[in-house]
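>>> missing the sequence, but the structure's below:
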């Protein structure tokens with residue numbers, strides 16, 4: 001092993017489905033050796049990572065806004081009429097939704 005260019009062995013396990021996917025991807029290339037293919041992918045391949053923090057924050061805020069609107073709707077139903085303050089609060093919540101939406105869209109996601 002001392003005379004080999006690549007003298008460090010790496011091993012890992014895969015499921016049958018993962019093996020099938022690897023075989024399918026390898027079939028698209030001229031290489032037939034697992035070692036060459038896996039080494040090339042490990043070194044030159046890339047991972048696509050999607051940061052969903054903004055979407056999660058949007059969902060959390062949207063949920064809070066929805067709860068507020070539900071509280072307003074219950075109050076309106078109990079009292080039988082909507083007051084200007086209730087309508088103003090609903091409009092403010094809708095404005096918050098649009099601001100969050102614009103912020104997410106402007107961040108390039």
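Perfect, I can see it now. Here the structure is a predicted model, which means the values were calculated and not measured.
>>> can you list the domains in this protein?
By the assignment in automatic domain parsing, the chain contains the domains 10-49, 53-106.
>>> out of those domains, nearest to residue 3?
Relative to residue 3, the nearest member of the domains of the chain by C-beta to C-beta is domain 10-49, separated by 17.3 Å. C-betas here are computed from N, CA, C, even on glycine.
>>> quick one: that closest one to chain centroid distance?
A distance of 24 Å separates the centroid of the chain from that of domain 10-49, by C-alpha atoms, centre = their mean, to the nearest Å.
>>> about what we covered before: output the domains of the chain as a markdown table; include the columns mean pLDDT.
Shown next, in a markdown table, are the domains of the chain (pLDDT from 0 to 100):
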| stretch | mean pLDDT |
| --- | --- |
| domain 10-49 | 91 |
| domain 53-106 | 79 |
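>>> Export the ones you listed as JSON lines, with columns for mean neighbour count.
What follows is those, written out as JSON lines (neighbours: other C-beta atoms under 10 Å):
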{"stretch": "domain 10-49", "mean neighbour count": "10"}
{"stretch": "domain 53-106", "mean neighbour count": "12"}
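>>> Export those domains as a markdown table, with columns for distance to residue 3.
Output for the domains of the chain, formatted as a markdown table (distance: least, C-beta to C-beta, whole Å):
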| stretch | distance to residue 3 |
| --- | --- |
| domain 10-49 | 17 |
| domain 53-106 | 49 |
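>>> among the ones you listed, which is nearest residue 4?
Among the domains of the chain, domain 10-49 comes nearest to residue 4, with 12.0 Å by C-beta to C-beta.
>>> By residue count, which helix of the chain is the longest?
helix 53-79 (DSSP state H).
>>> Show the subsequent helix or strand relative to it.
helix 84-106 (DSSP states H and E).
>>> now that following helix, how far from the chain's geometric center?
24 Å.
>>> Just the local confidence number for the spatially most central residue of the chain, please.
Closest to where the C-alpha atoms of the chain average out (C-alpha atoms, centre = their mean) is residue 52, at 4.1 Å. pLDDT for residue 52: 81.
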